[in-house]
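S.K.: Generate a structure from the sequence data that follows.
(one chain, ligands or ions: 1)
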Amino acid sequence: MTNKNNNSILDVEFGRQKLTIEDVVNLAEGRAKAILSTDPDFRARIQKGVDFLDRELREHGHIYGVTTGYGDSVLRRVPPELVGELPLHLSRFHGCGLGDELSQPASRAVLAVRLASLCSGYSGVSPELLELLTAFFDHDITPIIPEEGSVGASGDLTPLSYIAAALVGERDVMMRGERLSSAIALEKAGLKPLTLRPKEALAIMNGTSVMTALMCQAFARADYLCKLTARITSLATLALHGNPAHFDARLFAAKPHPGQAQVAANIARDLADLGATYQPARLQDRYSIRCAPHVIGVLADMMPTFRTTLETELNSANDNPLIDIDEETILHGGHFYGGHVAFVADGMKTLIANLADLMDRQLALLVDTKFNHGLPSNLSGSTPERASINHGLKAVQIGASAWTAEALKNTMPASVFSRSTECHNQDKVSMGTIAARDCLRVLQLTEQVASALLIAVRQAIVLRLHQGSISPDQLGEDVTGFLAALGDDIAFIDEDRPLEGTLRTLIDRIQARHWPLYVTNTTDGTAS
Ligand SMILES: N[C@@H](Cc1ccc(O)cc1)C(=O)O
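M.R.: Alright, predicted model coming up:
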């Protein structure tokens, strides 16, 4: 649904079409502008929800979360003179988030995902609320949201309460890089704080938008890491004098998982220039090379399913109760339950950690003279006279093992750790937000492992070129271009030096999806 506007910034129009993961990521990263649809049908639908709720309240006077307490307090009746104060109480008593604060891009992603859900027209919120949320994007206002305290059913109540608070001018926000009280930020932007109507705090908070937003960001990182691990495997194969026949299309036609076959095809293309006279060191390479498509391919094959599930959640009404304006009824259910997102997060983190493990094994082969077929110990590029004091990538490899171990440890599924809570009203919950946070942590650790590998494979191939055991014309155009780009950030290691700065630069590059990788998307088969 993203369109280019005149300034070639992307427009994401809420209320007209379905959002994609890319829309959320573009908004999060400041590459897109949020627009609230002016389509009269959409506006009429939203207004109808508000009018219906008002009428219900006037005529029947009894609506869950409007004239009752919340959750297990449903049996408590709220008298008419206190109904107006109830929403503010909901946002305030949930102001108990702890832990690190979400980054500004993550907070923007949460805003986008909640806005998408509210625009589905089932929440009974006012057009003014949707307009103020949209205006947050225009004025670069992001609520400060602590990331801990959600059980992921009843949605992300506590973290989302920080959006409700920001809309009414309470708690803190970031505005153009400055931390301000929300009241001051709104004033500076010329915006009026919202007075929450009945049900509006519940509508903002009662949903899966934090976990879904985090998983949209995770999806983009996983997609890139999937391709990067394939490219790293190609370079490791070249460096180890591996056998390109392991990636033969005929093999993969015989076990035709499409994502796996695409990964193999990409690696095969990277190795296509080795030439007919090339002699691999072994007939069959160790599994971290030979089975790389089978490891990376599981992620590649699952990504389309992850996308479908996340985009369904993203475009859903994940609130309670839902206002059905066509039938003029109130539907009571449990759509704030984040089970689908929880499972995507738990599944994705396992597959990503497997990439860390694969790369860690490749690095172990590269640095070890027992396995690397003629490369120097720890890939040090020192002269023979100075080899006794040079240790090359020894510590980087130890670091990669530590990051891998931590990534693997974080694969414990969160979705099976349901706790009965809230006086046993929320007696089965998804833990989706914890799963999503784990997934992001595993991604971070795996990106760290990938950055170590990038140093190693580049160093190893430069050493091979120096040795003359591989020639530039055997590398092919894409690989040569990629190695040249790496050379901008990674200097050849002849004498030992601290590599933290290089590792950090490479992690930034990975997270910015800096290098174009493969024309065909390995994860959904579409051109990227
Ligand atoms: N999610 C609950 C509402 C709720 C809101 C806040 C709470 O603290 C607890 C429960 C429901 O829709 O049934």
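S.K.: Point me to the residue of the stretch 1-150 of the chain nearest the ligand.
M.R.: Per Cβ to the nearest ligand atom, Gly71 is where the stretch 1-150 of the chain lies closest to the ligand, at 2.6 Å. The C-beta positions use only the backbone N, C-alpha and C, and glycine is treated the same way.
S.K.: Show me what counts as buried in stretch 394-408.
M.R.: For stretch 394-408, burial by neighbour count (16 or more other Cβ atoms under 10 Å) applies to 396-397, 399-401, 403-404, 406-408.
S.K.: typo on my end, stretch 285-299
M.R.: 285, 288-290, 292-299.
S.K.: what do you get for stretch 239-250?
M.R.: So for stretch 239-250, counting by 16+ other Cβ under 10 Å, buried means 239-244, 246-247.
S.K.: Now distance to Gly15, secondary structure and pLDDT too, for those residues, in CSV please.
M.R.: Below are the buried residues of stretch 239-250 laid out as CSV (distance: Cβ to Cβ, whole Å; DSSP: H, G, I helix; E, B strand; the rest coil; pLDDT from 0 to 100):
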residue, distance to Gly15, secondary structure, pLDDT
Ala239, 52, helix, 98
Leu240, 54, coil, 98
His241, 57, coil, 98
Gly242, 52, coil, 98
Asn243, 55, coil, 98
Pro244, 51, helix, 98
His246, 50, helix, 98
Phe247, 46, helix, 98
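S.K.: For my notes, please list these in TSV and give distance to Ala276 for each entry.
M.R.: Output for these, formatted as TSV (distance: Cβ to Cβ, whole Å):
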residue	distance to Ala276
Ala239	21
Leu240	20
His241	16
Gly242	17
Asn243	14
Pro244	11
His246	17
Phe247	16
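S.K.: Thr20 is in contact with Glu311, isn't it?
M.R.: Yes: with contact defined as Cβ atoms under 8 Å, Thr20 counts as touching Glu311 (6.3 Å).
S.K.: Helices along the stretch 251-400 of the chain, start to end?
M.R.: For the stretch 251-400 of the chain, the helices defined by DSSP state H, counting those that start in this stretch occupy 258-270, 287-290, 292-314, 339-367, 394-409.
S.K.: just checking, next helix/strand downstream of the longest helix seen in the chain?
M.R.: Longest helix in the chain by number of residues (criterion: DSSP state H): helix 432-467. Once helix 432-467 ends, the next helix or strand along the chain (criterion: DSSP states H and E) is helix 477-489.
S.K.: Could you list the residues in contact with that next one?
M.R.: For helix 477-489, the external contacting residues (Cβ atoms under 8 Å, 6 or more residues apart in numbering) are 231, 234-235, 238, 269-270, 273, 454, 458, 461, 472, 475, 502, 505-506, 509, 514-515, 517.
S.K.: Buried members of these into ChimeraX, please.
M.R.: To isolate the buried ones among those in ChimeraX, judged by 16+ other Cβ under 10 Å, type:
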select :231,234,235,238,269,270,273,454,458,461,475,502,506,509,515,517
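S.K.: picking up where we left off before, mean pLDDT and distance to Thr329 added to the helices of the stretch 251-400 of the chain, as a markdown table?
M.R.: Formatted as a markdown table, the helices of the stretch 251-400 of the chain follow (pLDDT from 0 to 100; distance: least, Cβ to Cβ, whole Å):
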| stretch | mean pLDDT | distance to Thr329 |
| --- | --- | --- |
| helix 258-270 | 98 | 43 |
| helix 287-290 | 98 | 57 |
| helix 292-314 | 98 | 23 |
| helix 339-367 | 98 | 25 |
| helix 394-409 | 98 | 47 |
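S.K.: closest to Glu327 out of those helices?
M.R.: Of all the helices of the stretch 251-400 of the chain, helix 292-314 sits nearest to Glu327, with 22.2 Å by Cβ to Cβ.
S.K.: Now do the closest one: distance to the chain's middle.
M.R.: On the basis of Cα atoms, centre = their mean, to the nearest Å, helix 292-314 sits 13 Å off its chain's mean C-alpha point.
S.K.: What helices and strands are in contact with it?
M.R.: helix 21-28, helix 104-118, helix 209-239, helix 258-270, helix 339-367 (3 or more Cβ pairs under 8 Å, 6 or more residues apart in numbering; DSSP states H and E).
S.K.: Most tightly packed of those?
M.R.: helix 209-239 (a mean of 27; mean count of other Cβ atoms under 10 Å).
S.K.: now that helix: how far from the chain's centre is it?
M.R.: Distance, centroid of helix 209-239 to centroid of chain: 10 Å (Cα atoms, centre = their mean).
S.K.: what do you get for stretch 346-362?
M.R.: 16 Å.
S.K.: Send me it as CSV with only the CA atoms.
M.R.: Below are the C-alpha coordinates for stretch 346-362, written out as CSV (Å, rounded to 0.1, in the frame of the first residue of the first chain):
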residue,chain,number,x,y,z
ASP,A,346,9.5,-18.4,19.1
GLY,A,347,9.9,-20.1,15.7
MET,A,348,11.9,-17.3,14.1
LYS,A,349,14.3,-17.1,17.1
THR,A,350,15.1,-20.8,16.8
LEU,A,351,15.8,-20.5,13.1
ILE,A,352,18.0,-17.4,13.5
ALA,A,353,20.0,-19.0,16.3
ASN,A,354,20.6,-21.9,13.9
LEU,A,355,22.2,-19.4,11.6
ALA,A,356,24.5,-18.2,14.4
ASP,A,357,25.5,-21.8,15.1
LEU,A,358,26.1,-22.5,11.4
MET,A,359,28.3,-19.4,11.0
ASP,A,360,30.1,-20.2,14.3
ARG,A,361,31.0,-23.6,12.9
GLN,A,362,32.2,-22.1,9.6
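S.K.: wait, what's in contact with whichever residue of the stretch 301-450 of the chain sits closest to the ligand?
M.R.: Nearest to the ligand, among the residues of the stretch 301-450 of the chain, is Asn320, at 3.6 Å (Cβ to the nearest ligand atom). Residues near Asn320 by Cβ under 8 Å, 6+ apart: 64-65, 202, 206, 332-336.
S.K.: who wins for neighbours among the residues you listed?
M.R.: Neighbour counts for those, by other Cβ atoms under 10 Å, peak at Leu202, which reaches 29 neighbours.
S.K.: For Gly476, see how far away the closest residue to Pro280 other than its chain neighbours is.
M.R.: Computed as Cβ to Cβ, 6 or more residues apart in numbering, the closest residue to Pro280 that is not its neighbour in sequence is Asn243, at 3.8 Å. Between Asn243 and Gly476 the computed distance is 17 Å (Cβ to Cβ, to the nearest Å).
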